[in-house]
Structures are given as structure tokens and as C-alpha cells.
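Asks: Please work out how this folds:
(3 chains)
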Amino acid sequence: MAQSDFFENVYGVVRLVPAGRVTTYGAIAAYLGSKRGARMVGWAMNNAHGRPDVPAQRVVNRNGVLTGKNFFGSSTQMQDLLESEGVKIKDDQVVVFQEYFWDPGIELL
DNA sequence: TCACTGACTTGGC
DNA sequence: CGCCAAGCCAGTG
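Replies: Numbers count the residues shown, from 1 in each chain, chains lettered A, B, ... in the order given. Model prediction:
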């Protein structure tokens, strides 16, 4: 038992997110089966601190805002990482987020 | 065992 | 258009 398959699932999905793309907590939660479980996804990300394999910078809220940037070393760390992958960030949110949005329940089909 | 919190989402006022 | 309340699951006190 992996403490929580939910967490492992989240890590797996986030890890599957291609560079230059971003996903949302709700998308992952919905992919796992709990739309409102988006909070759990954020919880998993909090635990993801010990998982460098989990690109949490590609995980944003449904508004495309870097909600978790505060959890990174620097407030600009997350933004810089995304910009480094080709994702434009403005005002702490992903520009044309709709085009960068990567839904595991659709793209992964 | 119960209650609170948490990187969210949606709906109502 | 902006703020408040409710719902979700899991973990910790």
C-alpha cells in the first residue's frame, strides 16, 4: 500500500504532463474520479516536496494561476521553470492557459 | 473518535 | 464584478 494510491496517482499524472504544458488540480482530480477532490491533489503536491520527479510547476489552479508558487523556493521559481519550458507567464498566471492546458482525461486517451 | 485544515471548484448573493 | 458559503478526501492534532 502506497500510503495513498491517490497521491501516487497524482504524481503519476503530473509526471506525464509534457514539458511546455500545464494541467489543473481539478483536471487531475476529475481524472482520478473526484472533481471536488482537487484539494486532495494540492495535498498530494504538498507531499510531493519529497518527489523531485513531480513537476509541480506544471500544476496550476483552474484559472491558470500559479497558486503553489508560494511553495517553491522563490516566488518566481515556478514562473521561471514554466517560462523555461516555453510557457508564458504573466501576473503569476499562464498566458493563453487554455492552449497550454493538458487534460489527462482527454490528451491521455 | 471528533474536529480542523488544506497548492481547489462551483454556485449563490 | 467581488465576496461568502458549501462540498470533496485525506491527514494530522
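Asks: Quick one: neighbours of the residue nearest to A:Ala19 when sequence neighbours are not counted, just the number.
Replies: Using CB to CB, 6 or more residues apart in numbering and skipping residues adjacent in sequence, the residue nearest A:Ala19 is A:Glu85, 4.5 Å away. Placement of C-beta: from N, CA and C, glycine included. A:Glu85: 16 surrounding residues under other CB atoms under 10 Å.
Asks: Look up the pLDDT of A:Glu85 for me, please.
Replies: Reported pLDDT at A:Glu85 in the predicted model: 96.
Asks: what's the distance between it and A:Arg21?
Replies: Applying CB to CB, to the nearest Å, the value for A:Glu85 to A:Arg21 is 8 Å.
Asks: hmm, back to that, Provide a list of residues in contact with the residue nearest to A:Ala19.
Replies: A:Ala19, A:Gly20, A:Arg58 (CB atoms under 8 Å, 6 or more residues apart in numbering).
Asks: Go through the residues you listed and say which is closest to A:Ala29.
Replies: Ranked by distance to A:Ala29 (CB to CB), the contacts of A:Glu85 are led by A:Arg58 at 15.3 Å.
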